[in-house]
Each structure stands twice: as structure tokens, then as C-alpha cells.
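# need coordinates for the following:
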Amino acid sequence: MMLVSDVMLSLDRFPVIQHDVILKVCLEEMNSYKLGIAAIIDNAGYLLGVFTDGDLRRKLLKIQSPLGSLFVDDALLHAIHNPSIVKPEDTLVSAVELMESRQVWDLPVVDSKNKLVGLLHLHPAVQALLFKQQILL
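Numbering: from 1, shown residues only. Now for the predicted structure:
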């Protein structure tokens, strides 16, 4: 049985930003990793929220202030503060099912104390499950 820990991205392979980073810097980090998500942590590494491309799209459609003013806000202000999460010991199948039900591409992976330890991205998860199935055939 494959676990989330078997395929999750390590902390150095996706955008992880501090809670006081402005949105412009958050977007630059997301762009440099070519992922549509950034995890926002406190100084001790605990997950405070996530910011996604979709959050930006929804915010742009909703706000009535100048676009430039949005970029200097703290990213955490516009983040999802209670995102769906998984644990490293969760099964990969259950995590992919959660992604399906929540219609998300990424899930932060946290330990039992809510400290960020990785990110589960849909593409490597599906590749791992397909590879495993091919081996079984």
C-alpha cells in the first residue's frame, strides 16, 4: 500500500513562504516553482494557510480596489486558513480521493502537530498509482 510520504514533494520542491510575506513575493515564488500553490507557515514551520492561483482569480473578480494595492498585502490575508490537509502516513489512494472530492490539485502534508512536512501534488500521485497498477498486471 502506497503512502502519501512515498510521493510527497519535500519542502524544498514547492513554494513555502513566511506569514509576513507580501502577495507579490508569494506570486513570484509560485511562478519560480511553476506550481499554483504556496504554503504559508509561521516561524516554527506550522501551516497557517495556502494561497492558490484560484484564490487570486477569485480575489481579482471580487475586489473593487486598484490591483496594485492587492500586491502589497500580506499573502496570509488572502489565503485559505483552513485548507484540506493530509498526513504522511495516509494512504495515497485516500489522499487522491480527497483531492477528487475537494477538486484540488495539491494538498499540504502536515505532521500530527500541524507542522508542514511536504506537499502532495496530483501528477506524481497519479503516476505512482498507475505505475503500481502496471506492476500488478
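# could you list the low-confidence segments of this protein?
133-137 (pLDDT under 70).
# which residues of the protein fall in strands?
Assigned by DSSP state E, the strands in the chain fall at 16-18, 37-41, 47-52, 106-110, 116-121.
# let's have those in CSV, adding mean neighbour count and distance to residue 73.
From N, CA and C alone the C-beta is placed, and that goes for glycine too. Below are the strands of the chain laid out as CSV (neighbours: other CB atoms under 10 Å; distance: least, CB to CB, whole Å):
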stretch, mean neighbour count, distance to residue 73
strand 16-18, 19, 13
strand 37-41, 25, 13
strand 47-52, 22, 11
strand 106-110, 24, 21
strand 116-121, 22, 22
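# let's have these in CSV, adding distance to residue 2.
As requested, the strands of the chain are arranged in CSV below (distance: least, CB to CB, whole Å):
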stretch, distance to residue 2
strand 16-18, 24
strand 37-41, 22
strand 47-52, 23
strand 106-110, 14
strand 116-121, 11
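# quick one: closest of the ones you listed to residue 8.
Counting by CB to CB, residue 8 lies closest to strand 116-121 out of those; the figure is 3.6 Å.
# which secondary structure elements does that closest one sit against?
Contact analysis of strand 116-121 by 3 or more CB pairs under 8 Å, 6 or more residues apart in numbering; DSSP states H and E lists helix 4-7, strand 37-41, strand 106-110 as its packing neighbours.
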